[in-house]
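# Compute the structure for the input listed below.
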Amino acid sequence: MVNYLPPRVLVSRLVRRLRLRQLLLVRMVGKGANFREIAQALSVTQPAVTKMAQELERTLGEAVFERGPTGMHLSVFGHAVFDHVQRAMAALDQLEEDLPSYREGAAPALRLGSPSFTAAVLLARPVAQWLQRTPGARVLMSDGVSAQLLAALRAGDLDCVIGSIDEDSTSDADLAQFRFEALYEDRVTFVTHPDTPAHARLTRLGQLADLPWVLPPRSSQVWSALRHEFTAGGHALPLGVVESSSIPAIGAILRQAPGTVGALRADAGRYMVRNFGLRALRIKPDIGLPKVGIVRLRTASTSAPLEALLTLVRSEVRQMWRPQEFRSSSK
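Residues are numbered from 1 along each chain as shown. All right, here's what the predicted structure looks like:
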């Protein structure tokens, strides 16, 4: 039985007064378009665009646009509105993309973001289990570094991110938009080929400086943490470096190159040891990374399919990380 609610409860004053083209106007100005370009894109006159902007500002009760030396741009208030507009328009863009599938009876897709290693190590089994339990369901998985994934989450292109938040490089305004549920501690893990000469005696970061390295991209948190630790310890940065975001590529290189060191997130290091026959190095000092967890927008509505998948993810974490491993990684 569907509970009936009066229309005034279902439709807010703002929704009744807003028009879709006004949202398009905010998005296009936020992306650098001027009123003349917007008029051409919407097949209207420039005065019509100006009127549209004025009506929007009356509806919102504040100036959304400002005229500057280079043309029209968003005000401080307009930038705040822009973030919400981006998410609303992303939802509509996704609806347009999904409509053909819906017409054929497909279920809505869950859109997950995570670093590629986390997807392979943590998400593979939960996603497979969820698909088995949810006939006709779809999952769209995106990988990338933290900053890219969080930007996509803010824009409404993802439902959640399984990853981490680097608070030092994230603004207070952005942090306020996220709801973070920690899953486990993280740190840089070092691995090498079992035939690396005297690998058991490699215990200090400075001993690794002259060896060849295989690392995630320079935009990653691993690279940033390593750079900081090398510099703080008075060591030169490694010179012979291969950068890759591909698990198979990093694993294959390390398997073929005794004497080469890989530096990875903790989950990726475990994956390399278990699946590529590599050895973990006990390097001091420990280099901590931001905790891995579930990141969602505070404004996001509850989704039963997403909650079901995240329950499986939490269960997988409990199986992956024994209590002593949590303790050792947090020292």
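
# I'd say Leu211 and Ala257 touch.
No - with contact defined as Cβ atoms under 8 Å, Leu211 does not count as touching Ala257 (10.1 Å). The way it works is simple: take the backbone N, C-alpha and C, and place the C-beta from them, glycine included.

# Those two - which one has more neighbours?
Ranked by neighbour count (other Cβ atoms under 10 Å), Leu211 and Ala257 place Ala257 first, with 17 against 14.

# Distance check, that one against Gln207.
Distance, Ala257 to Gln207, using Cβ to Cβ, to the nearest Å: 17 Å.

# What of Gln40?
Taken as Cβ to Cβ, the span from Gln40 to Gln207 is 62 Å.

# same deal with Ile162?
Per Cβ to Cβ, Ile162 is found 34 Å from Gln207.

# These two: which has the busier surroundings?
More crowded of Ile162 and Gln207, by other Cβ under 10 Å: Ile162, with 24 against 15.

# quick check, the more buried one in a helix?
No - assessed with DSSP: H, G, I helix; E, B strand; the rest coil, Ile162 is strand; it does not lie in a helix.

# residues contacting it?
For Ile162, the contacting residues are 112-114, 118-119, 122-123, 183, 292-295, 313, by Cβ atoms under 8 Å, 6 or more residues apart in numbering.

# What about the residues you listed, which are in strands?
Leu112, Gly113, Ser114, Leu183, Val292, Gly293, Ile294, Val295 (DSSP state E).

# Among those, which one lies nearest to Ala232?
Val292 (23.7 Å; Cβ to Cβ).

# Can you list the buried residues in the host helix or strand of Ile253?
Taking DSSP states H and E as the criterion, Ile253 maps to helix 247-256. For helix 247-256, the neighbour count (16 or more other Cβ atoms under 10 Å) marks Ile247, Ile250, Gly251, Ile253, Leu254 as buried.

# now swap in stretch 86-96 and tell me
For stretch 86-96, a neighbour-count test (16+ other Cβ under 10 Å) marks Gln86, Arg87, Ala88, Met89, Ala90, Gln94 as buried.

# Output the buried residues of helix 247-256 as a markdown table; include the columns distance to Ala268.
A markdown table is the format used below for the buried residues of helix 247-256 (distance: Cβ to Cβ, whole Å):
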| residue | distance to Ala268 |
| --- | --- |
| Ile247 | 7 |
| Ile250 | 8 |
| Gly251 | 9 |
| Ile253 | 14 |
| Leu254 | 11 |
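
# What ranges does the stretch 151-300 of the chain have for its strands?
Here the stretch 151-300 of the chain has its strands, by DSSP state E, counting those that start in this stretch, at 160-163, 178-192, 213-215, 241-243, 261-265, 279-281, 288-297.

# how about these in TSV, adding distance to His73?
Below are the strands of the stretch 151-300 of the chain laid out as TSV (distance: least, Cβ to Cβ, whole Å):
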stretch	distance to His73
strand 160-163	29
strand 178-192	26
strand 213-215	39
strand 241-243	36
strand 261-265	39
strand 279-281	51
strand 288-297	25
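
# Let me have these in TSV, extended by mean pLDDT and distance to Ser303.
Shown next, in TSV, are the strands of the stretch 151-300 of the chain (pLDDT from 0 to 100; distance: least, Cβ to Cβ, whole Å):
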stretch	mean pLDDT	distance to Ser303
strand 160-163	94	9
strand 178-192	94	13
strand 213-215	92	36
strand 241-243	89	36
strand 261-265	93	27
strand 279-281	94	37
strand 288-297	94	10
